[in-house]
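Engineer: Next input, structure requested:
(2 chains)
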Amino acid sequence: MTEALPPLAGLRAASPAASAVQVAAERRLKRRYAAEQRFKWYGRLAIILALSFLAVLLTRIVGQGYTAFWTHSVTTQVRIDPARVDRSYIEGTNFDQMIAEAVLVRLGGRDDPEGLASGQIRRLLSPDLGLNLLVRVREDPSLIGRTVTVGGAVSDEADFYFKGGITREQPEGDRPLSNQQLDTLDRLQAEGLVRSGFNTTLFTRTDSTQPEIAGLLGAVIGSALTILVAALLAVPVGVLAALYLEEFSPRNRLTQFIEVNINNLAAVPSIVYGLLGVAVILNTFGLPRASPLAGGMVLSLMAMPTVIIATRSALKAVPPSIREAAFGVGASRTQTVFHHVLPLAMPGVMTGAILALAKALGETAPLLLIGMVAFTPSIPSGPTDAATVLPVQIFLWNNASERGFEERTAAAILVLLLFMICMNALAITLRRRFERRW
Amino acid sequence: MSTGLLLLALFAFSALTYVLARRKVLAAAGGGRLNSLPGYYGSYVALWTGVPALLLLIVLTLAGDQLPGRAYLPGLALVLAVAGALWAYPKVQPSFRARTRVDGWVRAVLMACSGVAILTTLGIVLSLLYESLRFFDAVSPWSFLFGTHWSPQIALRADQAGASGAFGAVPLFAGTFLIMLIAMSVAGPVGLFSAIYLSEYAGRTTRAWVKPAMEILAGVPSVVYGFFAALTVGPALRGTFNAVGAQLVGGPLNGLGLYLSQVQNQMALVAGLVMGIMLIPFVSSLSDDIINSVPQSLRDGSYAMGATKSETVRKVVLPAALPGVAGAFLLGVSAAIGETMIVTMAAGLQPNLTANPLDTVTTVTVQIVTLLTGDQEFDSPKTLAAFGLGLTLFVVTLILNIIALAVVQRYREQYD
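Structural biologist: Sure, this is the predicted structure:
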């Protein structure tokens, strides 16, 4: 529309007054078209802005998180000195120190009387190494006096150095590792004691205060249990409620009230559901705190309005002719609904339910309130055990001060997003494959 | 006996009565006519056997520990099941209208399910009210709603300073309002203009790409936005302001420079901005629906008068859609007020009564989380204060939602 403006035919009179009108009109038209272009660009800008926010968000999180998927581990040989192990109290042995000294000796160093050199090395290794050794010695005391190979993660700071997050150019006082420690790490790598590989710990272990041995397994299982409980409660009850409202209920004040209620419940802030959970589910019903059962119940209440609304629109999409045909051959209303209408609406119902559960999977605030913020280093074995869930784990790691948790938080976000993408993809596939257009 | 085993026993007994009733009616008919399909007779008896006992179990398990005589629970449930079976079984005759009765049962179950929605609302209102009333026993509602000093820390000993804590929530309301305002000034224009572009200008392909992308933006959990705000937006903005401030120090704007060079990551602007990003798809999809439901005839009339597209949008479509768009904005406001994770992770804890977006503020939701995730002592005013805040939050968002939903509803009906 920015092309040359067509001359206004009706105004092409010779009189000067008319031509002044024509000039003014053309000027006005030009202005209006310019305004039109501007307006269009506001719209474009708004969309570009929104999409670039999305791009920045995603690239930032991938950029912060991808490094967490590989990690560095160290392997060394240690002679378990019998003089330093009390056979009746193996737990009292300082295996960390023993390993650190072994590494020091392996690198050709000597410990000073204060143990400063070995202490520096100890801070480069995860306490996991010592713990591993302790477990092995406790199971098999004959190892005492022999030389064994131990392996495990390096500390998060050392790992950060190997990944390039800490450099020698930084002033020594500004980084967590001293020059001497960096030298040690370089030597370790040169000697071939350090290996980098896929960070299996992230998926095979549970939460820990040490970033290098913290994993998501507990949170993933907690999330799975919580969502399972939420699904078992919200989907049947939500679908049946929607069936009643759409197919059975008379149009009266009560059902209208229920409808308004459901629409409002869908917009109640999630934290209010958390308060409900604390007051009713924990304090009145006495369900165990931080359990997937309590969490799932709270999430099911939150997901139910969405399930009901989605189910109702799926039921509305089934044409009345189906119902009339069923009534015509003598089916009762229940038979009509359960044998014909509901099966036809099922793809829509399942799509809505999965989307509602995907949203519940990302929900954090109400679960914080029912106690899932507690540090949970164990895998929940059932729905009544204390557990945590992925989004809460993200919140906890985000609050942790250790530098190594930053990349792991972003990695946990990527895992959460992956699960959500899978659920959404499943919902879209269901819709594409089974949805019928009437 | 464990609950699981009890449920299993109940289920088995119901199944048995189903089989017995079905067999009985088939034998009684002897090949003659039955009123309903044989399965309905079975279901009728099985329902009478199973459902009352199951309900009793659920109620008693939930009401749990308070009730005396928990030990008799399994026995009571079984007695109820047997009684139900004995009541229903004799009725099974070929002429008995079993299908109608079973339909009645089904209808009752469905009705109960839709009653859960009411129960949830009731549960929210009653639990918030009950705990809030206990809170208002200790702290007067007046000083809670209008007090300007918030420091809920209760001292460990009675003689320590600030032993009672102060519960004036005005700084929290102000902080919530400030962050909501920042969020809506991002989400409002951006969301509205994207909706206008998508519904009035964009071609099929643009829509096909942009709408799903917006849905991704809407699907990202708020804890992820919180992480983004705390670790990316916060430091970036602080860095910018500090650098600008350092430039200004010593110049004519020395005071401003000094101020800017010491702003913190937790400023209100950060949480507000990120919350605004989160709400863009919320506002845009609602507005899109509403703009789309403005009848085409209005646009056609405007084009016929020679108006350009933007003039039509500004002078015809938007005024027609105004109530609906206002409803969408109100829903956005309500979502911004209730949003928890972004502010918990990116806003501060200091209750400052300020309108300056570069200061740190705290919000109602942040305080609820802080009060309830600390030590768990359910009788202290500190914990109960969370319910007072929750009640306020619930009431405000409820009013906003009711108004917004009513406005949107009426608006839709106007053009139907």
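Engineer: Next, count neighbours for A:V154.
Structural biologist: By other Cβ atoms under 10 Å in any protein chain shown, the residues close to A:V154 number 25. Where C-beta positions appear, they are placed from N, C-alpha and C, glycine not excepted.
Engineer: Wait, it touches A:I99, no?
Structural biologist: No. A:V154 is beyond contact range of A:I99, at 11.8 Å (criterion: Cβ atoms under 8 Å).
Engineer: Show me whatever sits in contact with both of those two.
Structural biologist: Common contact partners of A:V154 and A:I99 (Cβ atoms under 8 Å, 6 or more residues apart in numbering or on different chains): A:L125.
Engineer: Stretch A:291-300 near chain B anywhere?
Structural biologist: No. Using Cβ under 8 Å from any Cβ of the partner chain, stretch A:291-300 stays clear of chain B, with a minimum separation of 9.5 Å.
Engineer: Also stretch A:327-345?
Structural biologist: Yes. Stretch A:327-345 lies within reach of chain B by Cβ under 8 Å from any Cβ, at A:S332, A:R333, A:T334, A:F338.
Engineer: what do you get for stretch A:410-418?
Structural biologist: Yes. Using Cβ under 8 Å from any Cβ, we find that stretch A:410-418 touches chain B at A:A410, A:I413, A:L416, A:L417.
Engineer: Need the buried ones from those selected in PyMOL.
Structural biologist: Selection of buried members from those for PyMOL, criterion 16 or more other Cβ atoms under 10 Å in any protein chain shown:
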select buried, chain A and resi 410+413+416+417
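Engineer: In a markdown table: the residues of stretch A:410-418 next to chain B, plus distance to B:Y259 and secondary structure.
Structural biologist: Shown next, in a markdown table, are the residues of stretch A:410-418 next to chain B (distance: Cβ to Cβ, whole Å; DSSP: H, G, I helix; E, B strand; the rest coil):
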| residue | distance to B:Y259 | secondary structure |
| --- | --- | --- |
| A:A410 | 32 | helix |
| A:I413 | 34 | helix |
| A:L416 | 38 | helix |
| A:L417 | 38 | helix |
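Engineer: Looking at the residues of stretch A:410-418 next to chain B, spot the one nearest chain B.
Structural biologist: Within the residues of stretch A:410-418 next to chain B, the smallest distance to chain B is 5.2 Å, found for A:I413 (Cβ to the nearest Cβ).
Engineer: mind checking how far the closest one is from A:R205?
Structural biologist: Distance, A:I413 to A:R205, by Cβ to Cβ, to the nearest Å: 18 Å.
Engineer: Also A:R106?
Structural biologist: 27 Å.
Engineer: same check, this time on B:A307
Structural biologist: 65 Å.
Engineer: again with A:R146
Structural biologist: 28 Å.
Engineer: how about the residues of the stretch 301-438 of chain A near chain B?
Structural biologist: Counting by Cβ under 8 Å from any Cβ, the stretch 301-438 of chain A comes close to chain B at A:301, A:304-305, A:308, A:332-334, A:338, A:358-359, A:361-365, A:368-369, A:371, A:373, A:391, A:394-395, A:398-399, A:406, A:409-410, A:413, A:416-417, A:420, A:424.
Engineer: List the strands paired with the strand ranked longest in chain A, with their directions.
Structural biologist: The longest strand of chain A (DSSP state E) is strand A:70-79. Here strand A:70-79 is paired, per DSSP bridges, with strand A:147-153 (antiparallel), strand A:194-198 (antiparallel).
Engineer: Can you say which of the ones you listed is packed in most?
Structural biologist: Between the strands paired with strand A:70-79, strand A:147-153 has the highest mean count of neighbours, a mean of 16, where neighbours are mean count of other Cβ atoms under 10 Å in any protein chain shown.
Engineer: Could you list the residues in contact with the helix or strand following it?
Structural biologist: If you walk from strand A:147-153 toward the C-terminus, the next helix or strand you reach (DSSP states H and E) is helix A:156-162. For helix A:156-162, contacts defined as Cβ under 8 Å, 6+ apart pick out A:71-72, A:123-125, A:153-154, A:166, A:176-177, A:181-182, A:185, A:189, A:194, A:196, A:210-212, A:402-405.
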